[in-house]
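Here's my sequence, what's the structure:
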Amino acid sequence: MFIPPDPTLRRPLTLTATFPLLLSYYVLAVLAILPRTFIFKLLLLPFIVWQTWRCAVELDFSVWLAQQPGFKSADGLGFWNLIFIAAMFILALRSFEWTFIKRPLRRYELPKGQDTPVERRLSISNILVDAFDLLCNTRGIGWSWSTTPFPRGSTPSPSIASISAKLLLKFTLIDASQYIIQYVCPSVKSPGGGSLFDSSLGPVRSSALAAFATAWGGMWAYATVDTVYHIATLIGRILFRQPASQWPPLMHRPWMSTSIREFWSYRWHQALRHYFIVFGARPCGALLGLPGAIMGAFGVSAVLHHLGLWGLGHGMEFSTAGGFFLFMGLGAIMEDAFKRTTGLRVQGLLGWSWTMLWTLLWGTFMLDGWARHGMFVNHFFCDQLRLGKLLVDTIIALSGK
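Just a heads-up that it's a prediction; the model follows:
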């Protein structure tokens with residue numbers, strides 16, 4: 001049985017501690033672009049895997065963040081360790097893929113006035129720049145490893161002013177969502193976390209409040225992911241002068257999904273889709289067909305979220321953190337079985353109701369697991385910048401409650 005390391009033994013993250021991993025990861029990206037480099041990549045891979053593990057279990061991102069201006073202590077910053085662990089996991093998966101690819105990766109560009117992409121020339125400057133882009137590019141836009149390097153018909157990224165306005169809105173939504181969860185389920189603010197379920201309220205009211213908190217937890221997750229993407233978009237377009245076409249919208253109104261498949265294959269973010277397919281869907285699908293492919297993809301996602309939970313510093317719990325995604329895979333398989341049996345697709349109002357109920361049911365258990373491990377003890381904004389809390393408190397005051 002795997003026994004995770006003691007998170008209390010972690011030390012503050014430093015550039016010196018992460019530099020060997022970052023440098024070797026960049027070198028691997030360069031080698032992935034160049035031809036006939038397999039032996040060098042194979043020699044580098046064990047070092048990267050070891051460094052990834054070492055950074056993940058030995059370094060505390062929250063302590064480093066607490067040392068930055070505006071923060072007083074690492075208390076309430078454990079969420080960023082979850083993100084750090086997830087990033088290390090994805091880094092390891094990408095390193096394995098780049099090592100064993102059959103052909104060198106190529107970056108494409110679209111000449112003005114043309115619809116057919118062409119490969120960028122392999123000059124030294126292009127290779128160095130493209131390797132950096134490869135490190136940061138998880139959606140495959142402009143790269144040969146993507147099935148659609150330049151998606152046709154995708155909505156281009158809005159103006160910079162519009163993105164900035166959306167960023168402020170998402171910041172407010174993150175704060176408001178977390179505050180509402182803490183307001184209706186006060187135990188989640190306890191040191192070390194607390195459950196969404198309050199036994200003193202009785203099973204019906206307790207379950208209803210937990211489901212209500214979960215709905216806001218979904219909005220919190222949506223706003224958090226979209227916020228990170230908006231920030232990355234602004235950096236790419238302003239600092240690196242990238243075109244809007246490289247930053248199409250990440251989310252497509254997931255609350256409008258009329259099936260589990262539509263939710264996870266289109267409306268929710270697809271930033272990690274490629275890795276779920278490569279390491280889950282393809283191998284499991286080859287053995288077990290479509291059901292295996294579906295469960296394989298969701299299985300990799302389950303492991304990612306399970307490992308990330310350790311970063312909060314209060315243990316691990318696969319049944320909730322990972323189990324949610326396995327049940328999402330089961331739901332998608334059930335939809336496929338329904339279509340094969342009846343000849344009808346899951347869609348429309350009934351499809352939307354099914355999708356929301358199935359996601360909310362298992363999402364409540366996942367969010368409860370997160371809450372019991374301290375997810376919502378975290379502080380994302382200083383008190384002076386909590387616009388969401390101010391908005392919710394104002395609504396509560398106006399309602400007279």
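
ok, and the closest non-adjacent residue to Ile333?
Pro291 (5.1 Å; Cβ to Cβ, 6 or more residues apart in numbering). Using the backbone N, CA and C atoms, a C-beta is placed for each residue, glycine as well.

measure the one you found to Asp336 for me?
Distance, Pro291 to Asp336, using Cβ to Cβ, to the nearest Å: 8 Å.

repeat for Ser62
According to Cβ to Cβ, Ser62 and Asp336 sit 41 Å apart.

now swap in Ser125 and tell me
48 Å.

max-length helix in the protein?
helix 203-234 (DSSP state H).

Show me which residues of that helix are buried.
206, 209-227, 229-230, 233 (16 or more other Cβ atoms under 10 Å).

On the three-state scheme, Met366 is what?
Classification of Met366 using DSSP: H, G, I helix; E, B strand; the rest coil returns helix.

so what's it up against?
Residues in contact with Met366 (Cβ atoms under 8 Å, 6 or more residues apart in numbering) are 320-321, 323-324.

Of these, which is the nearest to Pro35?
The nearest member of the contacts of Met366 to Pro35, counting by Cβ to Cβ, is Ala321 at 40.9 Å.

and that closest one, how far is that from Ile333?
Distance from Ala321 to Ile333, by Cβ to Cβ: 21 Å.

sorry, back to before: top of the contacts of Met366 by neighbour count?
Ala321 (25 neighbours; other Cβ atoms under 10 Å).

Quick check: pLDDT value at the closest residue to Leu201 other than its chain neighbours.
In space, and not counting its chain neighbours, Leu201 is closest to Leu209: 6.9 Å by Cβ to Cβ, 6+ apart. pLDDT, Leu209: 96.

From what I see, Leu209 and Val184 are in contact.
Yes: using Cβ atoms under 8 Å, Leu209 is in contact with Val184, at 5.3 Å.

Quick one: residues contacting Pro111.
Pro111 neighbours (Cβ under 8 Å, 6+ apart): Val118.

Am I right that Leu234 is in contact with Ala165?
No: Leu234 is beyond contact range of Ala165, at 11.6 Å (criterion: Cβ under 8 Å).

Next, the buried residues of stretch 67-83.
71, 74, 76-82.

of all those residues, which comes closest to Phe240?
Nearest to Phe240, judged by Cβ to Cβ, of these is Trp80 at 24.1 Å.

what about the stretch 201-350 of the chain, any weak spots by pLDDT?
Of all residues in the stretch 201-350 of the chain, none has pLDDT under 70.

Give me the more crowded residue out of Ser125 and Asp336.
Legend: neighbour count by other Cβ under 10 Å for Ser125 and Asp336, higher for Asp336 (16 against 8).

Distance check, the more buried one against Ile294.
Asp336 sits 8 Å away from Ile294, going by Cβ to Cβ.

repeat for Trp362
If you go by Cβ to Cβ, the gap between Trp362 and Ile294 works out to 15 Å.

and if you look at Glu335?
Counting by Cβ to Cβ - Glu335 and Ile294 are separated by 10 Å.

Helices along the stretch 101-250 of the chain, start to end?
Counting by DSSP state H, counting those that start in this stretch, the stretch 101-250 of the chain has helices at residues 124-136, 160-184, 203-234.

For Asp368, which non-adjacent residue is spatially closest?
Leu196 (4.5 Å).

count of neighbours near the one you found?
Using other Cβ under 10 Å: Leu196 sits among 27 other residues.

so what's it scoring on pLDDT?
Looking at Leu196, its pLDDT reads 96.

can you check the one 4 residues further on too?
Reported pLDDT at Ser200 in the predicted model: 90.

same deal with Asn378?
pLDDT, Asn378: 82.

which ones are touching it?
By Cβ under 8 Å, 6+ apart, the residues touching Asn378 are 76-79, 178.

What segments of the stretch 251-400 of the chain are strands?
Using DSSP state E, counting those that start in this stretch, the stretch 251-400 of the chain contains no strands.

Only the buried residues of stretch 104-117, if you could.
105-108, 117.

end to end, how far does it reach?
One end of stretch 104-117 sits 17 Å from the other (Cα to Cα, to the nearest Å).

Any idea how far that stretch is from the middle of the chain?
Distance of stretch 104-117 from its chain centroid, counting by Cα atoms, centre = their mean, to the nearest Å, is 28 Å.

cool, stretch 254-272 as well?
For stretch 254-272, the distance to the chain centre is 13 Å (Cα atoms, centre = their mean).

Could you do stretch 320-336 as well?
For stretch 320-336 - counting by Cα atoms, centre = their mean - the centre lies 17 Å from the chain centre.

So which residues make contact with it?
With Cβ under 8 Å, 6+ apart as the test, stretch 320-336 has contacts from 259-261, 264, 290-291, 294-295, 297-299, 301-303, 305-306, 308-309, 346, 358-359, 362-363, 365-366, 368-370.

Now which of those residues would you call buried?
Buried among the contacts of stretch 320-336 (16+ other Cβ under 10 Å): 259-261, 264, 291, 294-295, 297-299, 301-303, 305-306, 308-309, 346, 358-359, 362-363, 365-366, 368-370.

most centrally placed residue in the protein?
Residue closest to the mean C-alpha point of the chain, counted by Cα atoms, centre = their mean, is Val225 at 6.4 Å.

excluding its backbone neighbours, what's nearest that residue?
Leaving aside its sequence neighbours, Val225 sits nearest to His269 (Cβ to Cβ, 6+ apart; 5.5 Å).

likewise Phe212?
Val184 is the one closest to Phe212 (Cβ to Cβ, 6+ apart), at 6.2 Å.

which residues touch that neighbour?
Val184 touches 209, 212-213, counting by Cβ under 8 Å, 6+ apart.

Check what pLDDT it gets.
In this model, Val184 carries a pLDDT of 94.

Give me the residues contacting stretch 306-313.
Contacts for stretch 306-313 (Cβ under 8 Å, 6+ apart): 4, 7-8, 61, 78-79, 81-86, 89, 193, 315-318, 321-322, 369-370, 373-375.

scratch that, stretch 9-18
In contact with stretch 9-18 (Cβ under 8 Å, 6+ apart) are residues 55, 57-61, 63-64, 67, 84.
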